[in-house]
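Asker: fold the following, please.
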Amino acid sequence: QVQLVESGGGLVQAGGSLRLSCAASGSIFRINTMGWYRQAPGKQRELVATITRDGSTNYADSVKGRFTISRDNAKNTVYLQMNSLKPGDTGVYYCNAQIVRNLLDLGGDYWGKGTLVTVSS
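Answerer: This is a model prediction of the structure:
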């Protein structure tokens, strides 16, 4: 079994900051790309940022320069530092990871249950 557990969401005023964390646990051999996605009310889930195992990052245009994704491979954890938050950043933030469970496993896509971020104006 593999679990992803997010933490760090909450209510913040526009211009403020939050730091999200996501820890993977369970039967894990290797974690490849990790990422954050978000879903605003009434909208589809969208990519926020991803990071490969060797640290290459990719960001949605809407968060470039404001958000920073990082990871700690020893802790199987990915982080999202969110600065200069805007009301449009409001939504449920989901952690995603591509995980290989053992040498016989081809790998799979795993998701956390999400953490709510609310940015007030």
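Asker: spatially nearest residue to residue 7, not counting backbone neighbours?
Answerer: residue 21 (5.1 Å; CB to CB, 6 or more residues apart in numbering). The way it works is simple: take the backbone N, C-alpha and C, and place the C-beta from them, glycine included.
Asker: so the one you found, which of the three states?
Answerer: strand (DSSP: H, G, I helix; E, B strand; the rest coil).
Asker: got a list of what the residue most central in space within the chain touches?
Answerer: When CA atoms, centre = their mean is applied to the chain, the residue found nearest the centroid is residue 36 (2.7 Å). By CB atoms under 8 Å, 6 or more residues apart in numbering, residue 36 lies in contact with 20, 22, 48, 49, 50, 69, 78, 80, 93, 94, 95, 96.
Asker: how close does the residue lying farthest from the centre of the chain get to residue 76?
Answerer: Residue farthest from the centre of the chain, counting by CA atoms, centre = their mean, is residue 104 at 26.7 Å. Distance, residue 104 to residue 76, by CB to CB, to the nearest Å: 20 Å.
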